[in-house]
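Q: Model the following, please.
(2 chains)
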Protein chains: 2
Amino acid sequence: MKSPSSSALVSRFSALVGPGHALVEAADTARYLVEWRDLFRGETPLVLRPADTSEVAAILRLAHETKTAIIPQGGNTGLVGGQIPVPGRQEIVVSLERLDKVRSVDPLGNSIVVEAGMPLAAVHAAAAEAGRFFPLTLASLGSCQIGGNVATNAGGTAVLAYGNARNLVLGLEVVLADGRVWNGLRRLGKDNAGYDLKQLFIGSEGTLGVITAVALKLHHRPRGRAVAFASVASPKAALGLFCRAQRSAGFGLTGFELMSGLAMDFALRHLPGARLPTTAAPWYVLIEVSSSLSDGEADAVALDVLAGATAAGEAIEAAVAQSLSQAEDFWRLRHGMSEVQKYEGGSIKHDVSVPIGDLPAFLDEAMAAVEGAFPGCRPVPFGHMGDGNIHFNVSQPEGGDRQAFLSRWNEMNAVVHGVVRKYDGSVAAEHGIGRLKVDLLAEVKPPLDLEMMARLKDALDPLGILNPGRVIRRP
Amino acid sequence: MKSPSSSALVSRFSALVGPGHALVEAADTARYLVEWRDLFRGETPLVLRPADTSEVAAILRLAHETKTAIIPQGGNTGLVGGQIPVPGRQEIVVSLERLDKVRSVDPLGNSIVVEAGMPLAAVHAAAAEAGRFFPLTLASLGSCQIGGNVATNAGGTAVLAYGNARNLVLGLEVVLADGRVWNGLRRLGKDNAGYDLKQLFIGSEGTLGVITAVALKLHHRPRGRAVAFASVASPKAALGLFCRAQRSAGFGLTGFELMSGLAMDFALRHLPGARLPTTAAPWYVLIEVSSSLSDGEADAVALDVLAGATAAGEAIEAAVAQSLSQAEDFWRLRHGMSEVQKYEGGSIKHDVSVPIGDLPAFLDEAMAAVEGAFPGCRPVPFGHMGDGNIHFNVSQPEGGDRQAFLSRWNEMNAVVHGVVRKYDGSVAAEHGIGRLKVDLLAEVKPPLDLEMMARLKDALDPLGILNPGRVIRRP
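A: Now for the predicted structure:
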């Protein structure tokens, strides 16, 4: 039940946005309070939908004055619960969805300035309209928003050649915790005039400021592409093949995915029409080569790689897709892997990375470790070998008890994270910390790191009103 | 004359490093106290040469306890005086030169970990020994050290394809202002576990921490290269050619330099054996295309670009170098430009950048502005068009008074910076702020930016002992 002061607060905040954009009814707020994995269910006195940066600033000014917790929300696609308001804490959700305009586009200068609430798919479309290409690509493309992508330093499938979100940001506009607007919307390739302040807000998950606009770097879409598939004996062989592919393709290597035999079995079992392009093997690799010149050039590079790999014994068998439709078939096998795990019972997820050179050893040890601790469990690793980021998912024993398996989620995580830490890897490679991994972060990071983060938080949000308790604990 | 307490301090600091590594005699300290441009001459009670990170940490612990200003120094190649201790302020120089080891190299994982005092040329050699390539390349290659490169976010000639120093850093080891060692030496392609703390120390010019080791990203050296030269009518035509080159070469475009007619005249006049490869024109462009596959492939891309450009009227005449020696001749013309300005009298420098799309307008306006304010002066712009970073240098009027011209340096800077700011550019594109541009930075940055920088400084160096007065004013 709301206290009188709380209702007054709701009124004051509501007055800052237009009619219909201050939501309190359950029917209206519901979609902001549930997230994909259903690990967190939120409660909030109010969801605000500001129209523009000045309304966001006004909200933050009032939040600062009244010490009200603010939860910025983009497309609500986050996988670690950061965007879901905590029940009982009177946290106000500020949705950036209406800040969805293109502010300016500069094709010759390869940059575009967009507002934070623009869906990533719309950013792609705007870039294409300008004859350019924005490479950041995630599964949640149609719903996630660019502000959230930047706040979480999203990775996705194009990191190998184009980098994470951080690499694609030229400038930011950010509303600070006290409501002042920091204008860092530069579009420069080189700028060493003072501290690079925008770096603070990239990947800090909305805990240091609220991103309202982004200046993004655009690229030219490669004119040619080749997709290849190879059967390999082991992750070690795959690593040799990766090295060869990099040497021959350089920046043209735009995809290098590793898939375990079991992950492939799942895909073949459950994806309609799925077929193995090469001979059955313990592991498989999918390679994508792009060329700025032509398909023919990309094919030439891919063939050069595969021929060398087969001759050297790195690949057991390999094939380059002969048509666009065949190339799509190859990729469909890989993309389908995430989907099909649900047909095989409970699946425990991890979001980990290790230095690429340590991937083979990591995979061997992690698979052995989980099989030892959970007899009969079925590890199905697959993912971006080129980034050192493998989706190390573990399916329940075949025919086993789903709930019993899932109830040991944390225990499985601890086993896998133990191996990750041995290789000085990351326990939150792509999805960040949010609320889900705050305790884990405090466990894996040295006290000095936590202290430095706390100092930054204190410098930029001394009242602790921006996404409190996300990433780092409340003081 | 040193006070007793100051001598005691010198003794305490000297005891932290080995014999022969605590320098007080003028003959020993001289080389740490003068810099290339001779704008700053330093004085110091002591130059320390620690052997390793633990000695650096001990020095900072004592500095923290005694509130002693510490001036970290790498190769002493900085162009804005940050590394030169201020006379009368008892600033102690800490040279990183003895921290010059390779700690580890991981060719399969494309990374190397080196200590901060390693000369950049030695980093190049270590990468080559591992069958890889470290792309960061500056004129001061033989003397500058990697720690300084990272602290200043160095750019150089390879930024277009490979990015600034920031893009090449995977992890850092930093000694903080209180002497604690922050170990952030990760080698991961994807890591979103908490705030990306290393970003604080890149480009903050030693004012937030002392870098002692760096984990760097390595690349594969492209197997092929083509160098082309074109005569063009204007910067606008050059920009069209740039766009075309990017579309055809993509990431293979590893160089795109713009040179004014007058800059070329200077080069032809003063470089022995220099010849124009194409017809005389108001402006010239040098293009470098790299290929991971072969020289032939690079040539094909370059020819594709030049053919299109000539047909479209973007280039008046163009040529691809037919041999390695001819390619080197082309590059020699461009590299020689910096050198030859000294034969034409006084030259006033700028370190500026604007958004690439605005370069033509910027050049027109800036040239007109300086010619208006300094009749007879000779602007000689040339540089990295692809980064929006042109060396906008202005030579004195032919036969004019050198001293009278140079005495108006600040006035010329003000004229040029005025145009830069109109295009929301940078007044310190590559070389940073140091001591030279502290007042300029305070003039061009909004108060909010300066406040945010001060808050970061306060959070990480509350006593203000790390490079005080560099980048931002002492409080």
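Q: all contacts plus neighbour counts: C-alpha atoms, from now on.
A: Will do.
Q: what's around the residue in the stretch 151-300 of chain A that chain B sits nearest to, how many residues?
A: Using C-alpha to the nearest C-alpha, the single residue of the stretch 151-300 of chain A nearest to chain B is residue A:191, 4.2 Å away. Number of residues near residue A:191 (other C-alpha atoms under 10 Å in any protein chain shown) recorded here: 30.
Q: State whether it is indeed within a strand.
A: No - counting by DSSP: H, G, I helix; E, B strand; the rest coil, residue A:191 is not part of a strand but coil.
Q: is it true that it touches residue B:426?
A: Yes - counting by C-alpha atoms under 8 Å, residue A:191 touches residue B:426, with 5.7 Å between them.
Q: Need the three-state assignment for the nearest residue to residue A:304 once chain neighbours are set aside.
A: Using C-alpha to C-alpha, 6 or more residues apart in numbering or on different chains and skipping the chain neighbours, the partner closest in space to residue A:304 is residue A:248 (7.5 Å). Three-state assignment for residue A:248 (three-state DSSP): helix.
Q: now residue A:136
A: Criterion first, three-state DSSP; result for residue A:136: coil.
Q: Leaving aside the residues adjacent along the chain, what's closest to the residue of the stretch 151-300 of chain A closest to chain B?
A: residue B:429 (4.2 Å).
Q: Mind checking what helix or strand follows the helix or strand of chain A with the lowest mean pLDDT in sequence?
A: Across the helices and strands of chain A, mean pLDDT, DSSP states H and E gives its lowest value to helix A:4-14, namely a mean of 87. Using DSSP states H and E, the next helix or strand after helix A:4-14 towards the C-terminus is strand A:22-23.
Q: Partner strands of that following strand, with direction?
A: If you go by DSSP bridges, strand A:22-23 pairs up with strand A:47-48 (antiparallel).
Q: Which other helices and strands does whichever strand or helix holds residue A:228 contact?
A: Residue A:228 is part of strand A:224-232 when elements are defined by DSSP H and E. Contacts defined by 3 or more C-alpha pairs under 8 Å, 6 or more residues apart in numbering or on different chains; DSSP states H and E place strand A:224-232 against strand A:283-291, helix A:295-311, strand A:317-320, helix A:324-340.
Q: which one of the ones you listed is the most hemmed in?
A: strand A:283-291 (a mean of 26; mean count of other C-alpha atoms under 10 Å in any protein chain shown).
Q: Report all helices and strands that that one contacts.
A: Partner elements for strand A:283-291 (3+ C-alpha pairs under 8 Å, 6+ apart): strand A:224-232, helix A:235-249, strand A:253-260, helix A:295-311, helix A:324-340.
Q: Residue B:91: which of these is closest?
A: When these are compared by C-alpha to C-alpha, helix A:235-249 sits nearest residue B:91, at 47.3 Å.
Q: C-alpha coordinates for the closest one, PDB please?
A: Extracted C-alpha coordinates of helix A:235-249, given in PDB (Å, rounded to 0.1, in the frame of the first residue of the first chain):
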ATOM      1  CA  PRO A 235      39.300 -27.900 -30.000                       C
ATOM      2  CA  LYS A 236      43.000 -27.900 -30.400                       C
ATOM      3  CA  ALA A 237      42.700 -28.700 -34.100                       C
ATOM      4  CA  ALA A 238      40.100 -26.100 -34.400                       C
ATOM      5  CA  LEU A 239      42.500 -23.600 -32.800                       C
ATOM      6  CA  GLY A 240      45.100 -24.400 -35.400                       C
ATOM      7  CA  LEU A 241      42.500 -23.900 -38.100                       C
ATOM      8  CA  PHE A 242      41.500 -20.500 -36.500                       C
ATOM      9  CA  CYS A 243      45.100 -19.400 -36.600                       C
ATOM     10  CA  ARG A 244      45.300 -20.400 -40.300                       C
ATOM     11  CA  ALA A 245      42.100 -18.600 -41.100                       C
ATOM     12  CA  GLN A 246      43.200 -15.400 -39.500                       C
ATOM     13  CA  ARG A 247      46.500 -15.500 -41.300                       C
ATOM     14  CA  SER A 248      44.800 -15.900 -44.700                       C
ATOM     15  CA  ALA A 249      41.800 -13.800 -44.100                       C
END
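Q: Residue A:416 reaches residue A:370, doesn't it?
A: Yes - here residue A:416 reaches residue A:370: they are 7.1 Å apart, a contact under C-alpha under 8 Å.
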